[in-house]
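Trainee: Next come a sequence and a model predicted from it.
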Amino acid sequence: MLYLLFLLAHLFAALIFIGTVFFEVLILAKVQAQLPARARVLVEQGIGRRARALMPWVLLVLFGAGLGMVWLRYLPVLAAPTASSFGMLLSLKLLLAASVLLHFVTTLLLMRRGRASERYLRGVHLSLFGHMVAIVLLAKSMFYLSW
């Protein structure tokens, strides 16, 4: 039962995080190009404030639940990750997840210091977009691919 709670919390947090990244990369970036400069600044500020308030909690749930799932079910697989395709794919997924966390923490630190340029933030969003696509593909493939 505890595993199911971790799984559901992980899935909902992933939906929020992935949905936000997809929205920012696929929709917002294109819409902003059509807005006047003042409107673009107001949109960026409003979304930025909301994201900075919400995303740390979303990531806490996402990673906390993910670690709970690993602890309850996948530690034996990760003890010998090369022994199975599932272990290898899970390890790769966890490595990408660690990279997502590193992106997030680095960006927060740069933003606090006022050193996160618009170009940097665009690059981070594109990188996170790629990470998210890969993580989703791995999450599903782990259960269907074997060699």
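Mentor: Nice, I can see it. Numbering: from 1, shown residues only.

Trainee: For the rest of this, base every contact and every neighbour count on C-alpha atoms.
Mentor: Fine.

Trainee: What residues sit buried inside stretch 56-71?
Mentor: By 16 or more other C-alpha atoms under 10 Å, the buried positions in stretch 56-71 come out as 58-59, 61-63, 65-70.

Trainee: Stretch 104-119 now?
Mentor: Buried-residue list, stretch 104-119, by 16+ other C-alpha under 10 Å: 104, 107-108, 116.

Trainee: before we move on, what about stretch 4-13?
Mentor: So, applying 16+ other C-alpha under 10 Å, buried residues of stretch 4-13: 6-7, 9-11, 13.

Trainee: For residue 114, see how far away residue 77 is.
Mentor: According to C-alpha to C-alpha, to the nearest Å, residue 77 and residue 114 sit 42 Å apart.

Trainee: same question but for residue 84, I mixed them up
Mentor: 45 Å.

Trainee: One more: residue 19?
Mentor: For residue 19, the distance to residue 114 equals 26 Å [C-alpha to C-alpha].

Trainee: Okay, buried residues for the helix or strand bottoming out on mean pLDDT in the chain please.
Mentor: Confidence across the helices and strands of the chain bottoms out at helix 29-32, with a mean of 88, counting by mean pLDDT, DSSP states H and E. Neighbour counts over helix 29-32 (16+ other C-alpha under 10 Å) mark residue 32 as buried.

Trainee: next one: that helix to chain centre, how far?
Mentor: 21 Å (C-alpha atoms, centre = their mean, to the nearest Å).

Trainee: follow-up on the earlier one: nearest to residue 145, of the buried residues of stretch 104-119?
Mentor: The closest of these to residue 145 turns out to be residue 104 (C-alpha to C-alpha; 29.9 Å).
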